[in-house]
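Participant: just a sequence and a predicted model for now, questions to come.
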Amino acid sequence: MFHKVVVPVDLAHEAALQKALQVAATMAKTHAAEVCYVGVASASPSALARSPAEYKAKLESFAQSQAAQYAIKASAHAIMSHDPATDLNKALEAAIADLQADLVVMATHVPNISDYIWAGHGAHVAAHSTASVLLVRD
Amino acid sequence: MTDQTTETSDGIPSPDGAAHIIDTEYEIGQDNLEGSVGPFGFDIHNPVFAISGLAIVAFVFYTLALPEQAGSLFSWLFSTVTKGFDWFFLGAANIFVIFCLFLIVTPFGNVRLGGTEAEPDYSYIGWFAMLFAAGMGIGLMFYGVSEPLSHFASSMGGTAAENGARTDWAPLGGAAGNEAEAVRLGMAATIFHWGLHPWAIYAVVALALALFSYNKGLPLTIRSAFYPIFGDAVWGWVGHVIDILAVFATLFGLATSLGFGATQANAGLNELFGIAVGPTTEVILISAITAVALVSVMRGLDGGVKILSEINMGLAFLLLIFVLLVGPTVFLLSLFWDSLVAYVQFLPALSNPVGREDVNFMQGWTSFYWAWWISWSPFVGMFIARVSRGRTVREFIICVLLIPSMVCVLWMSVFGGTAIYQVITDGYTVAQEATLELKLFKMLDVMPLAGITSLVGIVLVIVFFVTSSDSGSLVIDTITAGGKVDAPVPQRAFWCIFEGAVAIVLLLSAGGLQSLQSMVISTGLPFTVVLLIMCYAILRGLMSERKNT
């Protein structure tokens, strides 16, 4: 039913992603789909990587470790953004379209009062993407 | 230091190419505290965030609790700094200009910020609009008319002396009674304060930060430029102090100019629409400017700051063209060329740091300006660095130093020239006699479509404040997050609101704005030393880049 599953990942908060990663792998196995892990980062040095290339390499190795762990076909897609904190939603929307994904599996937090001011990224993607979106609460 | 050649990859639109990364154990964000206050997440540097926040609150309280003591202390500090160290400011600024010009013509100019194959993050127009709006957009609105008029008038007045010391404010030897020469000297003196020197100050800071962040892999904070001097000690208290000082100067610089700006916008609105002048209107203005800046900063660099900067540059350009065409066009065009020639001609004398007779002009104008630009340089420099990745050093200096200087020459020639023409030819002296905040409006008053152009003027003033406020909040947020540019959005919203709140508190207290602005300008002195060290650090950084890539 699904061919390509996109999983947005924030490598700085890997622990919070575990449930979503597991769900994505299970869906991919069931449908024999490929999983693409999408990360958005800034070109400025960060805690994760000190250059865009280093970030890309980290994301690639993360994808390969997921592939080995769950025995699935996986790839990585890194996006460099000028201001990741605010541009994340649009960058994800664009990546989902570019990669022609038909399912997005995304970790989201339980809704709280701040969602009235800053809607969660999952909610935004679900509202704007043409792909099916599965939000996994942490 | 070790060599690291980074590779180009498909997933990343901006290829990196070779860069010479500094090998340090420090991990960006290692000193940060992460957590949440209620539903709002935070990721802040410990202790830079807390100390700068608390120090700002403490200084505001001190100014409010002991206004007279604070006022006299800060004004003493300000006058000691600008008068006692005038030679130091002038000499250092000359070094910055020569240093930048040196980088253009040497092979160092070929080094690309972000690695040999990095592609520019922004188009020329978007980049230029942002650096100009953050750098001096607002100043041009206020001083474009008033400064040429002041120097023209003082030059015409000639020199006067008492006990062997000059008491007049004329630049150099003045031009007593010689109208044509007074125009040339007045324009040259104005352009001197808005041309190569201020932009060289910004360029040094911006280049140091961009180089050490994008090529050397260090966090985007002021302290990173000091790595070649202090090594890993820069991640300790030495670095904390540098970053805290930068946050301090940025926030107070923005808050005090926001306060003054509100007073000035209020005067303009009163002139146009008869809106009452008073604290209520001013508090509403600051709140409105902060609210728009808040929306802009939450929309981010591309969705907010860049769009507003471009809109404002477009509007400013239209106003410039309007004044040029409707005003005395031929006079202005020839003045543009004459001013440029006069600037080059008087530059050596105006920038001479020692043995000057025109002490009032040198200390009251030049030294004050240099301290002012330098105290703003951590903010403007850091912002320029943030948007300059992918440019070569040569391209960077040409676009941050030469082009903005030329735009200032054009702006000053058109606005100042029109006002001077009105005085000389039409005998219209209302603009000359008006208070600072009204000069622009009084000049536009006697031109066609005055209602519309004055309204455009007020919109420009207000939007330039918004673009300073939003880019300033971004800068403070990045420094207080230890160089992280992806800290939670509520944090930058916090700084934006905090800055507006400090401005309102200072505005409502008698003399609060004045005394804290004196203090901010005084921070120009330690920062001058910081900038001189930065020049050395840039050279070291560029040498290793040339050698290893």
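Facilitator: All right, it came through fine. Residues are numbered from 1 along each chain as shown, chains lettered A, B, ... in the order given.
Participant: how about low-confidence regions in chain A?
Facilitator: Counting by pLDDT under 70, chain A has low-confidence residues at A:111-119.
Participant: just the closest residue of chain A to chain B, please.
Facilitator: residue A:86 (2.8 Å; Cβ to the nearest Cβ). All C-beta spots, glycine's among them, are computed from the backbone N, C-alpha and C.
Participant: what sits against that residue?
Facilitator: B:298-301, B:303-304, B:489 (Cβ atoms under 8 Å, 6 or more residues apart in numbering or on different chains).
Participant: then residue B:473?
Facilitator: Under the criterion of Cβ under 8 Å, 6+ apart, the contact partners of residue B:473 comprise B:293, B:297, B:492-493, B:495-496, B:499.
Participant: repeat that with 6 Å
Facilitator: B:297, B:492, B:495-496 (Cβ atoms under 6 Å, 6 or more residues apart in numbering or on different chains).
Participant: of the contacts of residue A:86, just say which sits nearest to chain A.
Facilitator: Using Cβ to the nearest Cβ, residue B:300 is the member of these that lies nearest chain A, at 2.8 Å.
Participant: assign a three-state SS to the closest residue to the closest one other than its chain neighbours, would you?
Facilitator: If you skip the residues right next to it in sequence, residue B:300 has residue A:86 as its closest partner in space, 2.8 Å away by Cβ to Cβ, 6 or more residues apart in numbering or on different chains. In terms of secondary structure, residue A:86 is helix; the call rests on DSSP: H, G, I helix; E, B strand; the rest coil.
Participant: distance check, residue A:86 against residue B:296.
Facilitator: Going from residue A:86 to residue B:296 by Cβ to Cβ, to the nearest Å gives 10 Å.
Participant: again with residue A:100
Facilitator: Looking at residue A:100 against residue B:296, where the rule is Cβ to Cβ, the gap reads 34 Å.
Participant: neighbour-wise, which of those two wins?
Facilitator: Counted by other Cβ atoms under 10 Å in any protein chain shown, residue A:100 and residue B:296 do not tie: residue B:296 has more neighbours, with 26 against 11.
Participant: can you give me the strands for the stretch 51-200 of chain B?
Facilitator: Under the criterion DSSP state E, counting those that start in this stretch, the stretch 51-200 of chain B contains strands at B:161-162, B:165-166.
Participant: tell me the most buried of the ones you listed?
Facilitator: strand B:165-166 (a mean of 14; mean count of other Cβ atoms under 10 Å in any protein chain shown).
Participant: neighbouring strands of it in the sheet, and parallel or not?
Facilitator: Each strand pairing with strand B:165-166, determined using DSSP bridges, is listed with its direction: strand B:161-162 (antiparallel).
Participant: okay, the strands of the stretch 51-200 of chain B in CSV with mean pLDDT next?
Facilitator: Formatted as CSV, the strands of the stretch 51-200 of chain B follow (pLDDT from 0 to 100):
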stretch, mean pLDDT
strand B:161-162, 88
strand B:165-166, 87
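Participant: OK, contacts around residue B:446?
Facilitator: residue B:428.
Participant: how about the residues of chain A near chain B?
Facilitator: Selection of chain A residues close to chain B by Cβ under 6 Å from any Cβ of the partner chain yields A:42-47, A:50-53, A:56, A:77-78, A:80, A:82-87, A:112-114.
Participant: any of these buried? List them.
Facilitator: Among those, those buried by neighbour count (16 or more other Cβ atoms under 10 Å in any protein chain shown) are A:42-47, A:50-53, A:56, A:77-78, A:80, A:82-87, A:114.
Participant: okay, and which of those map to helices?
Facilitator: A:52-53, A:56, A:84-87 (DSSP state H).
Participant: and the two most separated of these?
Facilitator: Spatial extent of those (Cβ to Cβ) is set by the pair A:53 and A:86 at 23.9 Å.
Participant: residue 35 pairs with what?
Facilitator: If you meant another chain, say so; for now it's chain A. residue A:5, residue A:74.
Participant: wait, chain B
Facilitator: Judged by DSSP bridges, the bridge partners of residue B:35 are residue B:42.
Participant: now the strands for chain A?
Facilitator: For chain A, the strands defined by DSSP state E cover A:4-8, A:34-42, A:73-81, A:103-108, A:132-137.
Participant: run the chain-centre distance for the first one.
Facilitator: Translated: strand A:4-8. Strand A:4-8 has its average C-alpha position 6 Å from the chain's average C-alpha position, going by Cα atoms, centre = their mean, to the nearest Å.
Participant: mind listing residues that contact that strand?
Facilitator: Contacts with strand A:4-8, where a contact means Cβ under 6 Å, 6+ apart, come from A:24, A:27-28, A:33-38, A:92, A:96, A:99, A:101-106.
Participant: next, the buried residues of that strand.
Facilitator: The neighbour-count criterion (16+ other Cβ under 10 Å) identifies A:4-8 as the buried residues of strand A:4-8.
Participant: so residue B:227 makes contact with residue B:233?
Facilitator: No - between residue B:227 and residue B:233 no contact is recorded; they are 9.5 Å apart, counting by Cβ atoms under 6 Å.
Participant: give me the more crowded residue out of these two.
Facilitator: Between residue B:227 and residue B:233, counted using other Cβ under 10 Å, the more crowded position is residue B:227 (23 against 12).
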